[in-house]
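# After the sequence you'll find the predicted model.
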Amino acid sequence: MAKKNQMINYQDDTKVHPALIKYCGYCLNKATIRLRTLMNEELKDFNLITGDLALLKIIQAGELISQIQLGDQLGIDKASMVKLIDSLEKRKMLERIAHPTDRRVKNLQLTKWGKKVLDQCQTAKLRAEKKFFEPLTTSEEKAFRKLVQKLIPAPTLTASVKK
């Protein structure tokens, strides 16, 4: 523990204070910030951040999805979702397409460019994760990934209602 008038030398921008190092929630939050920072650094050449990547991955993962559904799944309000979608659309990574039966709804799909960029981002994601997990052995990393997933309630899938 640092004595009075001693400076703390942090290893990186995470800055976990020694008085808080034993607080699990605080450390998990700081670890998340560190991983997000590493990811954003790797994604900057693609003009993306981790939030953009998450959005694109969900659109890529399944059926057509509307802006409203995507916002709901990510916990993002409508106004913020519109800004995110506008930004990605402006960069030609996704497009809004008409819903087959409800003209008020716009579904989202990746463009060819968006698919290409998303594929290229996989390597960037792996580099960031490699840096993040560097202090762990391979078996510790596998265990950590498995344990973190256990801490988050698994989503349940329900059949979507088609209009």
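Yep, that arrived.
# name the element the residue lying closest to residue 80 once chain neighbours are set aside belongs to?
Spatial nearest neighbour of residue 80, excluding adjacent residues (CB to CB, 6 or more residues apart in numbering): residue 71 at 7.6 Å. For glycine as for every other residue, the C-beta is placed from the backbone atoms N, C-alpha and C. Taking DSSP states H and E as the criterion, residue 71 maps to helix 67-74.
# List the residue ranges of this protein that fall below the pLDDT cut-off.
The chain contains residues with pLDDT under 70 at 1-5, 10-13, 157-163.
# mind listing the strands for it?
65-66, 94-98, 106-110 (DSSP state E).
# possible to save those as CSV with mean neighbour count?
CSV is the format used below for these (neighbours: other CB atoms under 10 Å):
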stretch, mean neighbour count
strand 65-66, 18
strand 94-98, 15
strand 106-110, 18
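# got TSV for those strands, with distance to residue 130 too?
Formatted as TSV, the strands of the chain follow (distance: least, CB to CB, whole Å):
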stretch	distance to residue 130
strand 65-66	31
strand 94-98	28
strand 106-110	26
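# Out of these, which is closest to residue 131?
strand 106-110 (27.2 Å; CB to CB).
# just checking, what packs against that closest one?
Contacts defined by 3 or more CB pairs under 8 Å, 6 or more residues apart in numbering; DSSP states H and E place strand 106-110 against helix 50-61, strand 65-66, helix 67-74, strand 94-98.
# 10 Å instead, please
helix 50-61, strand 65-66, helix 67-74, helix 78-90, strand 94-98, helix 112-132 (3 or more CB pairs under 10 Å, 6 or more residues apart in numbering; DSSP states H and E).
# and the shortest one, what does it pack onto?
Counting contacts by 3+ CB pairs under 10 Å, 6+ apart, the secondary-structure elements packed against strand 65-66 are helix 67-74, strand 106-110.
# now with 8 Å?
Applying 3+ CB pairs under 8 Å, 6+ apart, we find strand 65-66 packed against strand 106-110.
# tilt between the strand it packs on and helix 67-74?
In terms of direction (axes from the mean of the first three to the mean of the last three CA atoms, to 10 degrees), strand 106-110 departs from helix 67-74 by 70 degrees.
# what sits against residue 97?
By CB atoms under 8 Å, 6 or more residues apart in numbering, the residues touching residue 97 are 64, 106, 107, 108, 109.
# same thing but at 10 Å, please
The contact partners of residue 97, by CB atoms under 10 Å, 6 or more residues apart in numbering, come to 64, 105, 106, 107, 108, 109.
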